[in-house]
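Asker: Mind folding the following:
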Amino acid sequence: MLIGEVTMKEFEKSLKKSRTLIIPFGTVEAHGAHLPLNTDTLIIREVVRKAADKTGVYMAPPVQYGVCTSTGQHPGTIGITAETLRRLATDIVRDAYKKGLRNFILISGHGGSLHVSAMKESAEALKEELDGIKIAALSIYEILGKEADEIAETKNDSHAGEIETSLVLHLAPRLVKGTSKEEYPALPKPVVVKDKVRYWPGAVWGDPGKATVEKGERMFNIMVESVCNLVKKLDRVG
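Answerer: Presented below is the predicted three-dimensional model:
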């Protein structure tokens, strides 16, 4: 159920069937020269939509801005601070709790460490604050198993590479504008540098040239099943 598309009466009635809300988190972030800036949001939005349909839980409108560090200076990236993300996540869950929802999954299509940490910090605080709440906070990529690892031919594939390009080819092929060359960031970690574009000019981590629609469909189905399993686990554990 898309929570933004039901009336207040329908919402009230549906609480008898489910008190679980999945909140997708994405980004507006550079993804090479070939993928749209909303790649993370697009992928997680469609995964959650399908999982919510299959499990009968609520889906919130996606939070479309996230914490972007490595791509912060690339063209088109529009990020928010970790503090802002924590406050957004906290406010959304806190008010949804007041309206009768009790189980929450905060799930991101973006795997940036500061981004995901902000979500998890919010979840920890909410767990302490709200009686009877069940909550999980994660990147979708944290719950994919061995089957997902076997799809990519590229070792160390990540951002705008083989898998993300395959997913967008499956979900929205019209948004894929050709391809980009294989690339891997050369950031001198753990040293923090200001000019990250110098070390990662193309904003690609992997080989998008190996992407296919078939790989994207397989990965999408694995992601949907993983979210469905997480819904069941939250019901059991909390």
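Asker: least trustworthy helix or strand in this structure by mean pLDDT?
Answerer: When the helices and strands of the chain are compared on mean pLDDT, DSSP states H and E, helix 146-149 comes out lowest with a mean of 89.
Asker: Check which helices and strands the helix or strand following that helix sits against.
Answerer: Using DSSP states H and E, the helix or strand that directly follows helix 146-149 along the chain is helix 162-171. In this structure, helix 162-171 packs against helix 39-55, helix 213-236, with contacts taken as 3 or more CB pairs under 8 Å, 6 or more residues apart in numbering; DSSP states H and E. In this view, the C-beta of every residue, glycine as well, is placed from N, C-alpha and C.
Asker: which one of the ones you listed is the most hemmed in?
Answerer: Mean neighbour count, computed with mean count of other CB atoms under 10 Å, is highest for helix 39-55 among the helices and strands packed on helix 162-171, reaching a mean of 22.
Asker: L130 and I23, how far apart?
Answerer: Taking CB to CB, to the nearest Å as the measure, L130 falls 15 Å from I23.
Asker: do the same with M59
Answerer: In this structure, M59 and I23 are 8 Å apart, going by CB to CB.
Asker: Next: I92.
Answerer: For I92, the distance to I23 under the criterion CB to CB works out to 6 Å.
Asker: Ok, P190 next?
Answerer: Looking at P190 against I23, where the rule is CB to CB, the gap reads 31 Å.
Asker: more crowded one of these two?
Answerer: When P190 is set against I23 and neighbours are counted by other CB atoms under 10 Å, the residue ahead is I23, at 25 against 5.
Asker: right, and that one touches I107 too?
Answerer: Yes. Contact between I23 and I107 holds when scored by CB atoms under 8 Å: they sit 7.2 Å apart.
Asker: Just give the nearest non-adjacent residue to the residue nearest the centre of the chain, would you?
Answerer: Taking CA atoms, centre = their mean, the centroid of the chain lies closest to G109, which sits 1.7 Å from it. Leaving aside its chain neighbours, G109 sits nearest to I44 (3.1 Å; criterion: CB to CB, 6 or more residues apart in numbering).
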